[in-house]
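Student: Sequence below, structure please.
(chains A and B)
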There are 2 protein chains.
Amino acid sequence: MGQLGIAGVILTPLKRIQHPKGDVCHAMKKSDPGFTGFGEAYFSTVNPGDIKGWKRHLRMTLNLVVPVGEIRFVMHDGRSESSTSGKFSESILSPSNYHRLTVPPGIWLGFQGLGSGLNLLLNLADIEHEPSESENIPLDTFPFQW
Amino acid sequence: MGQLGIAGVILTPLKRIQHPKGDVCHAMKKSDPGFTGFGEAYFSTVNPGDIKGWKRHLRMTLNLVVPVGEIRFVMHDGRSESSTSGKFSESILSPSNYHRLTVPPGIWLGFQGLGSGLNLLLNLADIEHEPSESENIPLDTFPFQW
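Tutor: Predicted coordinates for the structure are as follows:
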């Protein structure tokens, strides 16, 4: 578990338990770092090379796990009062770099499919989906070199 | 949403929201049928043709979703006081038959990988993993024809 250059963003290593009939892979326990309540769990996929972003949530904390494929997550701290305001940070998650990425509210997030097949993320969010608590802006809003 | 031949077992259809860069697929909201609290989320895989089972939990309610591959779930009601005690029931889940299967405590569960590649399930459980609250017995304990 470690901070990832942006205040409140946490990267937590997860266990993969090998089994001859098929592995078991942890995602999140309620006693884990980054858990702030359960509101909704959903999957999102991103096609190879495609980028979804930028989006930020005003109230939702995200907990992101990638059980299939490889996804690059880029974060930009949009909180004016944050000690890391304006900073960028990135993390590439996959089954072979198996971590949980915790993203608090107020962070702009974009993500890109790096794997050549299915790129699948699970988000364990602390509130249910509600369109009014998130914002989307075009990818070219920030000068990030994807 | 419907009962599945065993009291307390619930099958709930889930939404898949198409998106040109990659779909979003629901798993569970805290306001959904079958939600009895959040304890832990984990993935389990089962190799093509392999069967994991039988296992029953004494306290855990399972909420099972299959985002990749195809998995056959077989349940046997092991609760002596249940109105469906002794009954078997099965359900095959996959992205093209996209449902959430809710399994209350006391049900024996086995599952088989039907897809030829990765068969992945997500379990959203209402308590954290605790070895003492589950039991495993050999597959040939019940006369079920897999």
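Student: per-residue pLDDT, residue A:143?
Tutor: On the pLDDT scale, residue A:143 is placed at 89.
Student: Just the element for it, please.
Tutor: Using DSSP states H and E, residue A:143 is not contained in any helix or strand.
Student: Next up, phi/psi of it, please.
Tutor: phi -80, psi 60 (degrees, to the nearest 10).
Student: how about the residue sitting furthest away from the middle of chain A, what does it touch?
Tutor: Relative to the centre of chain A, the most outlying C-alpha is that of residue A:20, 29.8 Å out, by Cα atoms, centre = their mean. Counting by Cβ atoms under 8 Å, 6 or more residues apart in numbering or on different chains, residue A:20 makes contact with nothing. Heads up, the C-betas are built off the backbone N, CA and C, glycines and all.
Student: helix, strand or coil for it?
Tutor: Under DSSP: H, G, I helix; E, B strand; the rest coil, the three-state class of residue A:20 is coil.
Student: Likewise for residue A:92?
Tutor: When the rule is three-state DSSP, residue A:92 gets the label strand.
Student: what about it, neighbour count?
Tutor: Residue A:92 has 15 neighbours, counted by other Cβ atoms under 10 Å in any protein chain shown.
Student: host element of the closest residue to it other than its chain neighbours?
Tutor: Among residues not flanking residue A:92 along the chain, residue A:72 sits closest, at 5.0 Å (Cβ to Cβ, 6 or more residues apart in numbering or on different chains). Assigned by DSSP H and E, residue A:72 belongs to strand A:71-77.
Student: Alpha carbons only: can I get that strand in PDB?
Tutor: Extracted C-alpha coordinates of strand A:71-77, given in PDB (Å, rounded to 0.1, in the frame of the first residue of the first chain):
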ATOM      1  CA  ILE A  71      -5.500  -0.700 -18.100                       C
ATOM      2  CA  ARG A  72      -3.500   2.600 -17.700                       C
ATOM      3  CA  PHE A  73      -5.100   5.000 -15.200                       C
ATOM      4  CA  VAL A  74      -4.100   8.600 -15.300                       C
ATOM      5  CA  MET A  75      -5.200  11.000 -12.500                       C
ATOM      6  CA  HIS A  76      -5.000  14.700 -12.300                       C
ATOM      7  CA  ASP A  77      -5.600  16.400  -8.900                       C
END
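Student: Identify all contacting residues around that strand.
Tutor: A:4, A:6-7, A:9, A:46, A:53-54, A:64, A:84-94, A:101, A:103, A:106-115, A:119, A:121, A:142, A:144, A:146.
Student: any idea how far the residue farthest from the centre of chain A is from residue B:52?
Tutor: To residue B:52, residue A:20 is 10 Å away according to Cβ to Cβ, to the nearest Å.
Student: now residue A:107
Tutor: If you go by Cβ to Cβ, the gap between residue A:107 and residue B:52 works out to 38 Å.
Student: same question, residue A:113
Tutor: For residue A:113, the distance to residue B:52 - Cβ to Cβ - is 30 Å.
Student: Hmm, residue A:78 and residue A:105 touching each other?
Tutor: No: counting by Cβ atoms under 8 Å, residue A:105 sits too far from residue A:78 to count as a contact (9.9 Å).
Student: Find residues that contact each of these two.
Tutor: residue A:56.
Student: what ranges do the strands span in chain A?
Tutor: Using DSSP state E, the strands of chain A run over A:2-3, A:10-13, A:16-17, A:24-29, A:40-45, A:51-57, A:62-68, A:71-77, A:88-93, A:99-103, A:107-113, A:120-125, A:134-136.
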